[in-house]
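[1] Sequence first, predicted coordinates after that:
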Amino acid sequence: MAWVVLFVAGLFEIGWAIGLKYTEGFSRLVPSVLTIAAMAISLYLLGVALRTLPVGTAYAVWTGIGAVGTAALGIVLFGEPATAARLACIALIVAGILGLKMFSPA
């Protein structure tokens, strides 16, 4: 169950990272409120997952999910480059997340 909670926390991390773009420096109310809410939910869920999972593993997976999701959405939503090298680096992060999950004691 902790892994599911951690995954959802990672999804909220993606939400707040992408949300930052839409806040325009926290000058837009609704995107700013939603971004701050996503931040709070993400951190809360990370804390819940840390009750069971090792901190190093959980934090690395949480940030990895956020990095991969944010990079992918940057490509889709904002037209950021999707070069082979960039996609390969994203794949390496995914491999790291999977490796941490597979070899975690929890």
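    Okay, I see it.
[2] which residue of this structure sits farthest from its center?
    Ranked by distance from the centre of the chain (CA atoms, centre = their mean), the top residue is Ser27, with 23.4 Å.
[3] What pLDDT does the model give Met39?
    Looking at Met39, its pLDDT reads 98.
[4] Not counting its neighbours along the chain, what's nearest it?
    If the residues on either side of it in the chain are set aside, Met39 comes closest to Trp16, at 4.5 Å by CB to CB, 6 or more residues apart in numbering. To be clear about C-beta, it is placed using only N, CA and C from the backbone, and glycine gets the same treatment.
[5] For the helix or strand harbouring that neighbour, which residues meet the burial criterion?
    If you go by DSSP states H and E, Trp16 is part of helix 2-23. Residues of helix 2-23 classed as buried: 5-20, 23 (neighbour count, 16 or more other CB atoms under 10 Å).
[6] Can you classify Ala82 by secondary structure?
    coil (DSSP: H, G, I helix; E, B strand; the rest coil).
[7] can I get the CA coordinates of the stretch of helix or strand Thr57 belongs to in CSV?
    Assigned by DSSP H and E, Thr57 belongs to helix 55-78. These are the backbone C-alpha positions of helix 55-78, laid out as CSV (Å, rounded to 0.1, in the frame of the first residue of the first chain):
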residue,chain,number,x,y,z
VAL,A,55,13.5,7.5,3.2
GLY,A,56,16.2,7.3,0.5
THR,A,57,14.2,5.0,-1.6
ALA,A,58,10.9,6.8,-1.2
TYR,A,59,12.4,10.2,-1.9
ALA,A,60,14.3,9.0,-5.0
VAL,A,61,11.2,7.3,-6.4
TRP,A,62,9.0,10.4,-5.6
THR,A,63,11.4,12.8,-7.3
GLY,A,64,11.9,10.4,-10.2
ILE,A,65,8.2,10.1,-10.8
GLY,A,66,8.0,13.9,-10.7
ALA,A,67,10.9,14.3,-13.0
VAL,A,68,9.7,11.8,-15.6
GLY,A,69,6.1,13.0,-15.6
THR,A,70,7.1,16.7,-15.7
ALA,A,71,9.5,16.1,-18.6
ALA,A,72,6.9,14.1,-20.5
LEU,A,73,4.2,16.7,-20.0
GLY,A,74,6.7,19.4,-20.9
ILE,A,75,7.1,17.7,-24.3
VAL,A,76,3.3,17.2,-24.7
LEU,A,77,2.0,20.5,-23.3
PHE,A,78,4.7,23.0,-24.0
